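Engineer: Pasted the sequence and its predicted model underneath.
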Amino acid sequence: MKIVKIGIALWLFMTPFLLKAQQDTAFKYEVLAGHDNDFTIFGTRTDWHYTYGIHLGFGWRPKQTNLITQLFPNKKAFSHYVAAHIQAYTPDYARTYQIVKTRQPYAGWGYVDFASNYGFENAFLQLKVDLGILGPAVHAGDIQNFIHQKFSKDIFVEQWEDQIPNQFGFNLRANYAQDIFTEKWLNLYSLSRISAGNIFTFFEQGLYFRFGQFNAIGRSVARQQSLLGNGETEIFLEAGFNMNFSAFNATIENANAQGEKIVPQNLVNHSILNGHVGVFFSQKRYAIGLKWNYTEGEIKGNEPHRFAILAGTYKFN
């Protein structure tokens, strides 16, 4: 009942923003900060699988086109983005097997990506390249233990010394979203994602619902594309699911520091069901989104994993 009351209060607080007439302005630049973590999820007694992510990015709307942007003459707007990321993947490191039947190796993936975003009338296309290191050079374990000591008060994790050793990593990725149906405060859109590289190779297809006030998917905060808009107000709930068909995942399938492949190949899950629910808000310079994520996980027979994603952006000229 308390959650319902809080939700109603938040909705009433945001309502004036929905009704307020405003002069929308297109911004040229955007900074992004985001954090993913599972310690905020009730019922999770230990980190495991995708443990945390830290994201910092900068986007801009270029004045001139290039050879690639000229391939899309129907685009309404386009932008570029560069971002730095650190992601950590761990087994259930508790002394007893609380959640998982099969433990995975420790892995830290740190990378920089460059993305080009193209907004169309009712769609958007993102082309992206990842370059980074999978291994101890990322210091993912040091960051995890810092978070444990200063914030979550979790145990100190010593097993990072056995993590997957250093290797150069790259992925070529593309994301395409398309509005399917829109009726007043309800929207249905699809999202296709593909990645090819020596860290992640997969294809993913998803279907998502939005309820509230929102822009077309090509300039919406739903997929961090509000820079392509004109500062219009958005406030909506989103829910959806996707199927991920994974051909290779280095954080699961690579050998650890001892040369041992922890997860038997016959237990690697290549068809993974994922889902999320979230709330998003954007107005003029500011945008924020909070999502609760569910995934079956990369290993057959283990319990589903849950984690939260919080990200915000600030736009300026």
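Structural biologist: Perfect, thanks for sending it. Numbering: from 1, shown residues only.
Engineer: so where do the helices sit in the protein?
Structural biologist: Along the chain, counting by DSSP state H, helices occupy 2-19, 140-147, 250-253.
Engineer: so how many other residues sit close to the residue nearest to residue 274 when sequence neighbours are not counted?
Structural biologist: Among residues not flanking residue 274 along the chain, residue 295 sits closest, at 4.6 Å (Cβ to Cβ, 6 or more residues apart in numbering). (Each C-beta comes from the backbone N, C-alpha and C, glycine too.) Residue 295 has 19 neighbours, counted by other Cβ atoms under 10 Å.
Engineer: again with residue 180
Structural biologist: Look at residue 180: counted by other Cβ under 10 Å, it has 12 neighbours.
Engineer: okay but it is in contact with residue 188, surely?
Structural biologist: Yes: the pair residue 180 / residue 188 is scored as a contact, 4.7 Å apart, by Cβ atoms under 8 Å.
Engineer: Next, the contact list for residue 293, please.
Structural biologist: Neighbouring residues of residue 293 by Cβ atoms under 8 Å, 6 or more residues apart in numbering: 274, 275, 276, 306, 307, 308, 309.
Engineer: give me the beta-bridge partners of the fourth one?
Structural biologist: Going by DSSP bridges, residue 306 is paired in beta bridges with residue 294.
Engineer: Next one: residue 173, what pLDDT does it get?
Structural biologist: In this model, residue 173 is scored at 99, pLDDT.
Engineer: got the contact list for it?
Structural biologist: The contact partners of residue 173, by Cβ under 8 Å, 6+ apart, come to 113, 126, 127, 128, 129, 130, 193, 194, 195, 196, 197.
Engineer: hmm, 10 Å instead?
Structural biologist: Counting by Cβ atoms under 10 Å, 6 or more residues apart in numbering, residue 173 touches 113, 115, 126-130, 193-197, 200, 202.
Engineer: Same check on residue 264?
Structural biologist: By Cβ under 10 Å, 6+ apart, the contact list for residue 264 reads 102, 299, 300.
Engineer: wait, isn't the first one in contact with residue 263?
Structural biologist: Read it as residue 102. Yes: assessed by Cβ atoms under 10 Å, residue 102 is found in contact with residue 263 at 6.1 Å.
Engineer: of the two, who's got more company?
Structural biologist: In terms of neighbours (other Cβ under 10 Å), residue 263 is the more surrounded of residue 102 and residue 263; the figures are 21 against 17.
Engineer: And the more buried one, how far from residue 281?
Structural biologist: The gap separating residue 263 from residue 281 is 39 Å, by Cβ to Cβ, to the nearest Å.
Engineer: now do residue 247
Structural biologist: 36 Å.
Engineer: Likewise for residue 262?
Structural biologist: 41 Å.
Engineer: What of residue 307?
Structural biologist: From residue 307 to residue 281 the distance is 21 Å (Cβ to Cβ).
Engineer: Check residue 244 too.
Structural biologist: 28 Å.
Engineer: Repeat that for residue 27.
Structural biologist: The spacing between residue 27 and residue 281, counted by Cβ to Cβ, is 16 Å.
Engineer: do the same with residue 107
Structural biologist: Separation of residue 107 from residue 281 (Cβ to Cβ): 33 Å.
Engineer: And the two? Which one has more around it.
Structural biologist: The residue with more neighbours, out of residue 107 and residue 281, is residue 107; 26 against 20, by other Cβ under 10 Å.
Engineer: surely residue 303 meets residue 92?
Structural biologist: Yes: counting by Cβ under 10 Å, residue 92 is a contact partner of residue 303 at 9.3 Å.
Engineer: Show me which of the two is the more surrounded one.
Structural biologist: For residue 303 versus residue 92, neighbours defined as other Cβ under 10 Å are more numerous around residue 92 (21 against 14).
Engineer: okay but that one is in contact with residue 49, surely?
Structural biologist: Yes: using Cβ under 10 Å, residue 92 makes contact with residue 49 at a distance of 8.5 Å.
Engineer: Find the residue closest to residue 123 in space, skipping its chain neighbours.
Structural biologist: Here the residue nearest residue 123, using Cβ to Cβ, 6+ apart, is residue 178, at 4.6 Å.
Engineer: and the one you found, how many residues sit next to it?
Structural biologist: With other Cβ under 10 Å as criterion, residue 178 counts 15.
Engineer: how far away is it from residue 216?
Structural biologist: In this view, residue 178 and residue 216 are 10 Å apart by Cβ to Cβ.
Engineer: Name the residues contacting each of these two.
Structural biologist: 120, 122, 123, 124, 189.
Engineer: what is in contact with residue 180 and residue 188 at once?
Structural biologist: 207, 208.
Engineer: Report the contact partners of residue 309.
Structural biologist: Contact analysis of residue 309 by Cβ under 10 Å, 6+ apart lists 34-37, 53, 55, 276, 278, 289-293.
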